[in-house]
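Visitor: need a structure here:
(chains A and B, ligands or ions: 2)
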Amino acid sequence: MRTLHQFHGGIHPPSHKAQSTRAPIATAPMPSKLVIPFRQHAGEAAKPVVQAGERVLKGQLIGKPEGFVSSAVHAPTSGTIVSIDMQPVAHPSGLPDMCATLLPDGRDEWVARQPLEYRDCSAVELRQLLRMSGIVGLGGAVFPSDIKLRLSRQKIRTLILNAAECEPYITCDDMLMRERAAEIVQGAEMLRFMLEAKEVLIGIEDNKSEAIAMMQQAVTAAGLPLEVIRIPTLYPGGSAKQLIRTLTGLEVPSGKLPTDIGVQCFNVGTTYAAWRAIAHGEPLISRVVTVTGNVRRPQNYEALLGTPIEELVALSEALPDTDRHIMGGPMMGFALPSLSVPLVKASNCIIAGSPALFPPPPPPLSCIRCTRCAQVCPADLQPQDLYWFAQSREFGKAQAFSLFDCIECGACSYVCPSHIPLVQYFRFAKSEIRAREQDKLAADKARQRHEFREFRIEQEKREKAEKLAAREKAALAAKAASAAPATVPAPDDAHAKIQQAVERARLQAAAVVPKNTENLTPAQQTEIAEIEISRARLREQAKSEVEHSKE
Amino acid sequence: MSAFFSPFISKPDSVSQIMLKVLLALIPGIAMYVWYFGPAILVSIALASITALATEALMLKLRNRPIAPSLRDNSALLTGWLLALSIPPLAPWWLIVVGTAFCIAVAKHLYGGLGNNLFNPAMIGFAVLIISFPVPMTQWLTPHGLGQIELSFAEQIGYIFLGALPPGVTMDAITMATPLDTLKTNLHLDQHIKEILDMPIYGRLAGHGSEMVAAGFALGGLYLIAARIISWHIPVAYLGTLFAMAGIFHLTDPAHYVSPLFHLLSGAATIGAFFILTDPVSSPTTNKGRLIFAAGAGLITYLIRAFGNFPDGTAFATLLMNICVPLIVLYTQPRVFGRKEKQP
Ligand code: SF4
Ligand code: SF4
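Guide: Numbers count the residues shown, from 1 in each chain, chains lettered A, B, ... in the order given. Ligands and ions are numbered 1, 2, ... in the order given. Just a heads-up that it's a prediction; the model follows:
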């Protein structure tokens, strides 16, 4: 028996998982059309390689990865690409993004698939294959998997399969493990092989007994030295850093990555997809998604990426008082801007919401410093202090009190008896700080440019003057008779001054190191980008909150 | 706002429920009070409640704040109750009204309202009253069965509102000094502890009746810990320090220093430990900070009791330690996940 470790805090929200685990995973029927965004992963959007009017086959590449952090996008079925244009997508901002619209022809005709034996391939080949198969993290973060499989300087000792699934309502990983454990186990061994990891730990929360049993059975049947570990059900136990702590006792240092301490984590769904990609030559064109909440028949579906969410929800029959749809869990998910947006790689769960299920919270009261928030914070922060700094706009202090270690899990908001939307304040403060640092960088750049321009103008003037002087001199010399020497301007002095100024500016700029937001991982960068978009709105809201509760 | 942003769910818990549970937890102590000293205390509590709510509403109105949600949070009520419980039950009506109004208007709202007060509002009210009106603040009722005369409930009410005692009854006949006070006075007269404690005002462990009241508050306090409304840190550190200090002095000179148990069950020790020092707003937010804060308060309480001018030290100890809270919090920040060093 492995000794488990604890992380600080955590909460036990009602799990609501039973409803959607009664029926097996169903295959969603072919939708009327598919809208496939070219950005379904962290990093650069894929570049379209098909044109409107073109016929494509199931699994055919339609968007190729562009840049280092990126992933491929494929046609989920055979049919005709009718357009490539901006469409609304599943994003809190509600902004449209580039998508391909595909009309299925009903034949579901595959491209040629090439199954491979991974042990015969080099790691580079396998990674390239995963990248071109569009494999990204299916836990919701959608970070390209091939990048996580690069061998880093630090050797990876432990591969962790994240099957905790700690958010309420979501059961897609649970069902996948119950039904396809053998392939997940094969996938895990493949990832271990690629990472050259010593051990594989599969962490599953103890409210998923059946999944644990099936995984255990699959591991035994495969005769592989993988460890299935039952962990306590505690939100946010499935957050990577918390899971690593629970399973290994190690803490990922602030601002570092799990690989820095020799650990790498993959979601079980991702592991399964990676296995299908290599062993069956199937790119990522579908995923398992939980449809639950205010619906008549909560269930998990294997659905094609690009399926309009409304068609998916219709399968489970949303009840009449449904007033919104949430993508992800109720703790960290977001309300979809519209129901017509397509299913994407990040969609692990769609929850139909109703006023009864998610009642609007009472208006926030003042913080009474009861520290319930601090008691549940898995990052050991003091949310009540961070809140104070955020609402009084003392962002520097918030940063000094480790604002950027907040994982935005929402546990603090969940327990606050004053119903203060704490995480909203933290998101707002983070985006403000980032914006300021960006502004500062931009200002520095602008100043440098300005100074350089001044310098150039000065130089041109000087050169002109020199030329003029030379000409005059020549003219004088030509006259030859005159003895009076020309007054030559002394540009050296001015030149030196300008150069000094430029040098000074450069040094100053170099001395200003933006805190916390340097060396960001691509995942964090996309997160920033996303937050930027909703920033204006957040700021508006936070402003009214501040005016309301600041005394 | 949360209609659109996560988390979409929250714990069905509110400030008003928390405060309500604290009020409920005071009831065993209050019941003991009524049992041993008569129902006059209920009048004080009612007066304090009305004044607290009225002042709260007035202040909110003056400050242009929404009135209903804050009135419903029960925090003003709690302040009123705590003040009522710390002044003599026979105190004239205006004393409790002035005290409560001061707590709410000045100690709470002038500091920015709920959540912003550096000092415990009830203790500020108490301090102001004991300094401004020392005489009515020291006229404590004699416990049931000990006095020469006992007032009926109607007569008590008559005194509270009209200041009139029944003919032939003097104030001295119905009131007396508190056990802690009596102890102090008699020690000054160089009496031996043994003799003093033989006086009828003393019960088994501390003051007759008042020890049971203290036990009642302790019981309510244990409920608060069990219900996770307060953490154990403050009560344990406060009572522990008081006990240890009293123990050390008692061991060195039992003739002049009463036993530690006497201290725990006397005066405001238990209500202070469980209900006053634990006020979340004016106490530290870190566990280590809570230990330091409460230990400091325990130390000061003992020093005031044993060597100071006031019989009980809980109120002043609370206020003095309140001043230190920001500093204590700053230096007891817990280590953040994934960081080696503590933050500032
Ligand atoms: S839980 Fe809410 S009221 Fe309590 S300390 Fe935290 S922010 Fe303040
Ligand atoms: S959202 Fe941030 S501050 Fe709140 S509990 Fe989670 S990590 Fe802590």
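
Visitor: A:Ala475: how many residues sit nearby?
Guide: 11 (other C-beta atoms under 10 Å in any protein chain shown). Every residue, glycine included, has its C-beta placed from N, CA and C.

Visitor: how about it, phi and psi?
Guide: When read as degrees, to the nearest 10, the backbone of A:Ala475 gives phi -60, psi -40.

Visitor: Tell me the spacing between it and chain B.
Guide: A:Ala475 is 72 Å from chain B, where distance means C-beta to the nearest C-beta, to the nearest Å.

Visitor: Now do that residue against A:Ala469, distance only.
Guide: The gap separating A:Ala475 from A:Ala469 is 10 Å, by C-beta to C-beta, to the nearest Å.

Visitor: Give me the contact status of the strand or helix carrying A:Arg471 with ligand 2.
Guide: Applying DSSP states H and E as the criterion places A:Arg471 in helix A:422-479. Yes: on the criterion C-beta under 6 Å from any ligand atom, helix A:422-479 is in touch with ligand 2 at A:422-423, A:426.

Visitor: Spell out which parts of chain A neighbour ligand 1.
Guide: By C-beta under 6 Å from any ligand atom, the residues of chain A that approach ligand 1 are A:367-373, A:383-384, A:387, A:415-418, A:420, A:422.

Visitor: Which of the residues you listed fall within helices?
Guide: Among those, the residues falling in helices (DSSP state H) are A:372-373, A:383-384, A:387, A:415, A:422.

Visitor: Can you tell me which of the residues you listed is closest to chain B?
Guide: A:Val415 (5.1 Å; C-beta to the nearest C-beta).

Visitor: give me the low-pLDDT residue ranges for the stretch 251-400 of chain A?
Guide: Judged against pLDDT under 70, the stretch 251-400 of chain A has no low-scoring part.

Visitor: again but with the stretch 151-300 of chain B, I slipped
Guide: Within the stretch 151-300 of chain B, the ranges that satisfy pLDDT under 70 run B:200, B:204.

Visitor: Do you have the strands of it handy? List them.
Guide: Ranges of strands within the stretch 151-300 of chain B are B:175-176, based on DSSP state E, counting those that start in this stretch.

Visitor: What sits closest to B:His192 if chain neighbours are left out?
Guide: Of all residues not flanking B:His192 in the chain, B:Ala255 sits nearest, at 5.5 Å (C-beta to C-beta, 6 or more residues apart in numbering or on different chains).

Visitor: hmm, back to that, could you list which of the residues of chain A next to ligand 1 also contact chain B?
Guide: Counting by C-beta under 8 Å from any C-beta of the partner chain, A:367-372, A:384, A:415-418 from the residues of chain A next to ligand 1 sit close to chain B.

Visitor: Let me have the residues you listed in JSON lines, extended by neighbour count and distance to ligand 2.
Guide: Shown next, in JSON lines, are those (neighbours: other C-beta atoms under 10 Å in any protein chain shown; distance: C-beta to the nearest ligand atom, whole Å):
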{"residue": "A:Cys367", "neighbour count": "26", "distance to ligand 2": "13"}
{"residue": "A:Ile368", "neighbour count": "22", "distance to ligand 2": "17"}
{"residue": "A:Arg369", "neighbour count": "24", "distance to ligand 2": "15"}
{"residue": "A:Cys370", "neighbour count": "22", "distance to ligand 2": "14"}
{"residue": "A:Thr371", "neighbour count": "22", "distance to ligand 2": "12"}
{"residue": "A:Arg372", "neighbour count": "25", "distance to ligand 2": "10"}
{"residue": "A:Gln384", "neighbour count": "24", "distance to ligand 2": "10"}
{"residue": "A:Val415", "neighbour count": "22", "distance to ligand 2": "9"}
{"residue": "A:Cys416", "neighbour count": "28", "distance to ligand 2": "9"}
{"residue": "A:Pro417", "neighbour count": "22", "distance to ligand 2": "15"}
{"residue": "A:Ser418", "neighbour count": "27", "distance to ligand 2": "14"}
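
Visitor: now, the most widely separated pair of the residues you listed?
Guide: Taking C-beta to C-beta, the two most distant members of those are A:Arg369 and A:Val415; they sit 13.6 Å apart.

Visitor: thinking again about what came up before, now the helix holding A:Arg471: average pLDDT?
Guide: For helix A:422-479, mean pLDDT rounds to 87.

Visitor: next one: stretch A:109-122
Guide: Rounded mean pLDDT across stretch A:109-122 is 94.

Visitor: Kindly confirm whether my reading is correct that B:Tyr238 touches B:Ala294.
Guide: Yes: assessed by C-beta atoms under 8 Å, B:Tyr238 is found in contact with B:Ala294 at 4.0 Å.

Visitor: Find residues that contact each of the two.
Guide: In terms of C-beta atoms under 8 Å, 6 or more residues apart in numbering or on different chains, B:Tyr238 and B:Ala294 are both contacted by the residues B:273, B:277.

Visitor: quick one on the thing from earlier: which one (most neighbours) among the residues of helix A:422-479 next to ligand 2?
Guide: A:Leu422 (28 neighbours).

Visitor: Looking at B:Tyr238 and B:Ala294, which is more packed in?
Guide: Using other C-beta under 10 Å, the more surrounded residue of B:Tyr238 and B:Ala294 is B:Tyr238, with 33 against 29.

Visitor: Find the nearest non-adjacent residue to residue 133, please.
Guide: No chain specified, so I'll use chain A. A:Ala277 (3.8 Å).

Visitor: try chain B instead
Guide: B:Leu95 (6.1 Å).

Visitor: Wait, that neighbour touches B:Pro136, no?
Guide: Yes: between B:Leu95 and B:Pro136 a contact is recorded at 5.5 Å, counting by C-beta under 8 Å.

Visitor: Going by proximity to ligand 1, name the top residue of the stretch 51-200 of chain A.
Guide: A:Pro168 (19.9 Å; C-beta to the nearest ligand atom).

Visitor: show me what contacts the closest residue to ligand 2 within the stretch 1-150 of chain B?
Guide: Nearest to ligand 2, among the residues of the stretch 1-150 of chain B, is B:Pro7, at 8.9 Å (C-beta to the nearest ligand atom). Residues near B:Pro7 by C-beta under 8 Å, 6+ apart: A:330-332, A:410, A:413-414, A:423.

Visitor: same thing with A:Lys464?
Guide: The contact partners of A:Lys464, by C-beta under 8 Å, 6+ apart, come to none.

Visitor: Next one: it relative to ligand 1, how far apart?
Guide: The gap separating A:Lys464 from ligand 1 is 66 Å, by C-beta to the nearest ligand atom, to the nearest Å.

Visitor: Spell out which parts of the stretch 51-200 of chain A neighbour chain B.
Guide: Where the stretch 51-200 of chain A comes near chain B, counting by C-beta under 8 Å from any C-beta, the residues are A:Pro168.

Visitor: So which residues of the stretch 51-200 of chain A form strands?
Guide: Going by DSSP E, counting those that start in this stretch, the stretch 51-200 of chain A shows strands at A:55-56, A:61-64, A:73-74, A:79-88, A:96-104, A:158-163, A:199-205.

Visitor: Which stretch among those strands is buried most, on average?
Guide: strand A:73-74 (a mean of 28; mean count of other C-beta atoms under 10 Å in any protein chain shown).

Visitor: ok, B:Tyr302 to B:Thr178 distance?
Guide: On the measure of C-beta to C-beta, B:Tyr302 and B:Thr178 end up 16 Å apart.

Visitor: My error: substitute A:Pro361 in the last question.
Guide: Here the criterion is C-beta to C-beta. By it, A:Pro361 lies 46 Å from B:Thr178.

Visitor: and what of B:Tyr223?
Guide: According to C-beta to C-beta, B:Tyr223 stands 26 Å off from B:Thr178.
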